[in-house]
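Asks: Need a 3D model of the following:
(one chain, ligands or ions: 1)
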Amino acid sequence: MDIYKRLLNKETKLSLIGLGYVGLPIALEFAKHISVIGFDVSEERVALMKKNQDPSEELSPEDFENSDIQFTTDPEDLKDAAFHIVAVPTPIDSHNKPDLSPLIKASEAVGKILKKGDYVVYESTVYPGATEEDCIPVLEKFSGLKFKTDFKVGYSPERINPGDKVNTLATVVKIVSGCDDISLDNIAKTYELVVKAGVHRAPTMKVAEAAKVIENTQRDVNIALMNELSIIFNRMGINTFDVLEAAGTKWNFLKFYPGLVGGHCIGVDPYYLAYKAQEYRYHPQIINSGRMVNDSMGFYIAKQLVKNLIAKGKKILNSKVLVLGVTFKENVSDLRNSKVVDLVNELKDYGVTVEVADAYASSDEVKKYYGFELVNDIADDYNAVVVAVSHNEYLGYDEAFFKSITTKNGILVDVKGLYRKKIKELSYWSL
Ligand SMILES: NC(=O)c1ccc[n+]([C@@H]2O[C@H](COP(=O)([O-])OP(=O)(O)OC[C@H]3O[C@@H](n4cnc5c(N)ncnc54)[C@H](O)[C@@H]3O)[C@@H](O)[C@H]2O)c1
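Replies: Numbering: from 1, shown residues only. Down below sits the predicted model:
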């Protein structure tokens, strides 16, 4: 009997290795239909999940109800499953090089319990070739089994968007791939259980890996172009959002906006592709230029603010600035790779006193990762306010509010252009 039917009949289980933003929703969705083992190395996170709490704060306790799932930190428990999905992080190191260590460790853990007939599907974002060149040899080594003959492997990238309740696992077409026709069919049918929008069957694992990494690379490069335009238009005294609004009236003008590109996907994945391209003796120009522009925007915004403070006659060493928003994007608590931190640290390097508040982030987490605390009470003597993240809570702010918390000749830095056309008296700057 093929693996899909065995899963459906609950004769075997599906395991999820890595229960983060990606892994936990997949595990719970499958657990509505088949038996699931959710494995994670973090005792702390698994303890929360056992109490129906999502450590990533994306899912509610109701999402855990009526699920056939066992949460565990014991890799031995993975033995009871025959279909393993790996969704561990794929970060970069301090030199922007891919760090495959979580993926390799997860492959070792799966390799140790792998049986004949088992399936392993990778979901983590990687460069084309990582599954075959980096992961499968580890599975073979630790299992003593032979790829394709004894076990099958596939790759199915994840497209979820944290904080987005519309584009979810169930509603977005999922790319699937296998190592042969039979495995592709089984993997596709298994995912079709949970992805209502259906699956796209990619011809090879490399194609599926490449498709995922270019989705984010394309976004990164397009945003970089907007950021570069913003730097040019700032020198020309033109508001970029006004320009984009006008240009956007053409049917084929792409709607991208300038901003800080942080997080664990768009600001990271292009480095994976650029790294692998060099193995093929190609030095990417456009991808790396995009990364360079986007990575420097926090420093750029800080510099523009310092210039504005000087122009308003403020002494930089006595200046006090409030930054609203520190998470990597709006309406989430996720702090990973936040570029607002570059802005904060750069302002501090200039000697500015900076206070930071956020509607979602935990001050303890900010302290742990970035070494500073958040303020709860907003003062009324800031020389400038920077709205860095467009959390819903900030959208209703108006000029009267900003005036009430700033000193005479106050400055509003509106990174995302939220208050454009609404600020008449304060000094206004946006990307
Ligand atoms: N978050 C997103 O929006 C998103 C979207 C698409 C793709 N991705 C990709 O999906 C992958 C996972 O990302 P994420 O955001 O879910 O990461 P995450 O940091 O939220 O979660 C990863 C989980 O894996 C666990 N883990 C780490 N090493 C492990 C190991 N060896 N064995 C078992 N568990 C381990 C961690 O404890 C954590 O719970 C990454 O490759 C990422 O690029 C993420």
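Asks: List the contacts of the closest residue to P61 other than its chain neighbours.
Replies: Of all residues not flanking P61 in the chain, N52 sits nearest, at 4.2 Å (Cβ to Cβ, 6 or more residues apart in numbering). (Glycine included, C-beta is placed from N, CA and C.) N52 sits next to 61, 64-65 when contact means Cβ atoms under 8 Å, 6 or more residues apart in numbering.
Asks: Might you report the residue contacts of whichever residue of the stretch 151-300 of the chain sits closest to the ligand?
Replies: Closest to the ligand within the stretch 151-300 of the chain is E158: 4.0 Å, counting by Cβ to the nearest ligand atom. Contacts of E158 were listed using Cβ under 8 Å, 6+ apart, and they are 22, 26, 87, 123, 125, 169, 212.
Asks: Restricted to buried residues, select these in PyMOL.
Replies: The buried subset of the contacts of E158, as determined by 16 or more other Cβ atoms under 10 Å, is captured in PyMOL by this line:
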select buried, resi 22+26+87+123+125+169+212
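Asks: Including distance to the ligand, could the contacts of E158 go into TSV?
Replies: Shown next, in TSV, are the contacts of E158 (distance: Cβ to the nearest ligand atom, whole Å):
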residue	distance to the ligand
V22	3
I26	9
A87	5
E123	6
T125	4
L169	10
K212	7
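Asks: In helices only, show me the contacts of E158.
Replies: Using DSSP state H to define helices, the subset of those located there is 26, 212.
Asks: which ones among the contacts of E158 are found in strands?
Replies: Judged by DSSP state E, the contacts of E158 include no members of strands.
Asks: Can you tell me which of the contacts of E158 is nearest L322?
Replies: Using Cβ to Cβ, V22 comes nearest to L322 of the contacts of E158, at 33.9 Å.
Asks: Mind pulling the model confidence for the closest one?
Replies: At V22, the pLDDT value in this model is 94.
Asks: OK, contacts around it?
Replies: Per Cβ under 8 Å, 6+ apart, neighbours of V22: 87, 123-124, 158, 160.
Asks: want to throw those into JSON lines with pLDDT?
Replies: Shown next, in JSON lines, are the contacts of V22 (pLDDT from 0 to 100):
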{"residue": "A87", "pLDDT": "98"}
{"residue": "E123", "pLDDT": "98"}
{"residue": "S124", "pLDDT": "97"}
{"residue": "E158", "pLDDT": "94"}
{"residue": "I160", "pLDDT": "86"}
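Asks: re earlier: and the contacts of N52, which are buried?
Replies: Looking at those with 16+ other Cβ under 10 Å, the buried ones turn out to be F64.
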